[in-house]
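Asker: Sequence and predicted structure, then a few things I'm wondering about:
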Amino acid sequence: MKSLAQQTLNREEKEAIGLLSMGTFLEYFDLMLYVHMAVFLNERFFPKSDPHTAFLLSAFAFCSMYLLRPFGAILFGYLGDKIGRKTVVTITTFIMACSCCTIAILPTYDSIGISASVIITICRMLQGLSSMGEVVASEIYLTEFINKPFRYPAVALLTISCIFGGIIALIVSFVAIKTDYLWRGAFILGAIVAVVGFRSRVALKETAVFSDARRRIKEQLIEQGQSNIYFLRTNLKTMLSFFFMQCTWSMCFYFAFVYCNEILKTQFGYSLQNVITHNLIVTVLQLISYSIFCVLSYKIPPLKILQFRLYGFCMLIMVCPFLLDIATTPLEILLIQAGMLILSATDIPAAPIIYSHFPILQRFRCTVFIYALSRLIMYTVGSFGVVYLVSKLGNWGIFVIMGPLSLGVMFALFHFKRVEEGEYSAPLSQKACKAALQN
């Protein structure tokens, strides 16, 4: 058994961090490649239309990435809790490779008509499906595989890898949109890196925590008869808290990379290349800040870091509409975008704490379903609801959505602080106990 506060990482742990970090980097490179090239690619795979219809098609193309996620969450959640975390991360990487390859060779709308629109939409759905299982499975894997205090920076490193993948996707997108053919090479590259990620993950071992869960449940039920994390019933407040955190991040992402991009194009006349360059700077700032959070989590309790970010986030939300109204330069928009991403009170670097309060045999299916549902709801609200609110209230329409979310994250933070302090515990799941004894 490893000590509760290990001093160094062993070779297997270092390999797991390296393989999973590389995998999340490759996965998000593939995922964000289309996001940053969406305007360019929508013109080639969707019919040309008036500006209003074009906006709806663009919004649908963006939301399509999240339509299958709740259904995929049910499927992958079952597999992750029944067969293992390793199985999920390998399957999802393979799906991403196939979708990238299909996009790379897909004829345009001018060549095959509406079939191109249908196929590209299916590919986006599959990409969203695979990225969902990828991130949650990887974070849970490291949460279960590595002990404190390395657990917190190790899991945070996965988020940093995602951001870095987005940065490389931005750079490749900027180069790829220069010609009508070079962009296909970008997706071929995406397919290749996904295959590399798939092959590397086959070497992973299943986490001992998951593999031994049923045996440990049976032993403790027979010998001790007391509840622990292996057979607790999933707590409703814990699920709601995780949901609020995921919704907040989804809305912050939409605000930074969709809503603010429209402001840059309409108010400052930015071209697609200008927007990509602008977003690259924002993402680099996000990468630097998250790297700092990752390092700090080794010494500072992650929930304290999260609390600091929450206070800053709430203050920014209150003044954000006013700042947007008075912004006169792209630099001011850039600072607002960066502030929203950096201060957004997501679960980083406290993700391992949050995951640890979901029962092991229900952990993956619960978290991945909440992850998927939050993105489907918030990106749909963002893509269609924000347009209506902003048309009626101006930039203050953003506050109508962000304000309640900030209260939800505050509820989530205080809930997890109480759980960590042991103020209450969840009741036994009789179904889990019975299943454990039968196995």
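Answerer: Cool, the structure landed.

Asker: pretty sure Leu376 is in a strand, no?
Answerer: No - using DSSP: H, G, I helix; E, B strand; the rest coil, the assignment for Leu376 is helix, not a strand.

Asker: So for it, what pLDDT did the model give?
Answerer: Note for Leu376: predicted pLDDT of 81.

Asker: residue ranges with poor pLDDT in the stretch 151-300 of the chain?
Answerer: 178-181, 197-233 (pLDDT under 70).

Asker: Could you find the closest non-adjacent residue to Tyr355?
Answerer: Thr143 (4.7 Å; C-beta to C-beta, 6 or more residues apart in numbering). The C-beta positions use only the backbone N, C-alpha and C, and glycine is treated the same way.

Asker: wait, the one you found sits on Ser356?
Answerer: Yes - Thr143 lies in contact with Ser356 (C-beta atoms under 8 Å); the separation is 6.5 Å.

Asker: Have a look at these two and say which one is more surrounded.
Answerer: Thr143 (23 against 18; other C-beta atoms under 10 Å).

Asker: quick one: contacts for that one?
Answerer: By C-beta atoms under 8 Å, 6 or more residues apart in numbering, the contact set of Thr143 is Arg151, Val155, Ala351, Pro352, Tyr355, Ser356.

Asker: Mind doing that once more with 10 Å?
Answerer: 85, 151-152, 154-155, 207, 209, 351-356, 358, 363 (C-beta atoms under 10 Å, 6 or more residues apart in numbering).

Asker: mind listing which of the residues you listed are in helices?
Answerer: Among the contacts of Thr143, the ones falling in helices (DSSP state H) are 85, 151-152, 154-155, 209, 351-356, 363.

Asker: With respect to Phe76, which of these is nearest?
Answerer: Distance to Phe76 across the ones in helices among the contacts of Thr143 (C-beta to C-beta) is lowest for Arg85, with 10.1 Å.

Asker: per-residue pLDDT, that closest one?
Answerer: Looking at Arg85, the pLDDT reads 65.

Asker: Over to Gly128?
Answerer: Looking at Gly128, the pLDDT reads 74.

Asker: how about it, secondary structure?
Answerer: When classified by three-state DSSP, Gly128 comes out as helix.

Asker: pretty sure it is touching Arg69, no?
Answerer: Yes - between Gly128 and Arg69 there is a contact under C-beta atoms under 10 Å: 5.7 Å.

Asker: now the helices for the stretch 251-400 of the chain?
Answerer: 260-267, 272-296, 302-326, 330-343, 351-356, 360-380, 386-393, 396-420 (DSSP state H, counting those that start in this stretch).

Asker: residues making contact with the fifth one?
Answerer: Spelled out, it's helix 351-356. Contact partners of helix 351-356, identified using C-beta under 10 Å, 6+ apart, comprise 135-136, 139-140, 142-144, 146, 148, 151-156, 158-159, 229, 238, 241-242, 245, 297, 301-303, 306, 347, 363-364, 366-367, 412, 415-417, 419-420.

Asker: how about that helix: buried residues?
Answerer: Ala351, Pro352, Ile353, Ile354, Tyr355, Ser356 (16 or more other C-beta atoms under 10 Å).

Asker: Quick check: mean pLDDT of it?
Answerer: Taken as a whole, helix 351-356 carries a mean pLDDT of 90.

Asker: just the third one next, same as before
Answerer: Computed over helix 302-326, the mean pLDDT rounds to 92.

Asker: Ile168 - how many residues pack around it?
Answerer: By other C-beta under 10 Å, neighbour count at Ile168 equals 17.

Asker: got the contact list for Met96?
Answerer: 23, 26-31, 126-127, 129-131, 134, 190-191, 193-195, 197-198.

Asker: starting at the chain centroid, how far to the helix or strand harbouring it?
Answerer: Using DSSP states H and E, the element containing Met96 is helix 85-105. Distance of helix 85-105 from its chain centroid, counting by C-alpha atoms, centre = their mean, to the nearest Å, is 17 Å.

Asker: List the buried residues for that helix?
Answerer: Going by neighbour count (16+ other C-beta under 10 Å), the buried part of helix 85-105 is 85-104.

Asker: Just the CA trace of that helix, in CSV.
Answerer: The C-alpha trace of helix 85-105 is given here as CSV (Å, rounded to 0.1, in the frame of the first residue of the first chain):
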residue,chain,number,x,y,z
ARG,A,85,-11.6,3.2,-17.0
LYS,A,86,-8.8,2.1,-19.4
THR,A,87,-11.4,0.6,-21.9
VAL,A,88,-13.2,3.9,-22.2
VAL,A,89,-10.1,6.0,-22.9
THR,A,90,-8.9,3.7,-25.6
ILE,A,91,-12.4,3.5,-27.3
THR,A,92,-12.9,7.2,-27.3
THR,A,93,-9.5,7.9,-28.8
PHE,A,94,-10.2,5.5,-31.7
ILE,A,95,-13.6,7.2,-32.4
MET,A,96,-11.8,10.6,-32.6
ALA,A,97,-9.3,9.2,-35.1
CYS,A,98,-12.1,7.8,-37.4
SER,A,99,-14.0,11.1,-37.3
CYS,A,100,-10.9,13.2,-38.2
CYS,A,101,-10.1,10.9,-41.1
THR,A,102,-13.6,11.2,-42.4
ILE,A,103,-13.6,15.0,-42.3
ALA,A,104,-10.2,15.0,-44.1
ILE,A,105,-11.5,13.1,-47.1
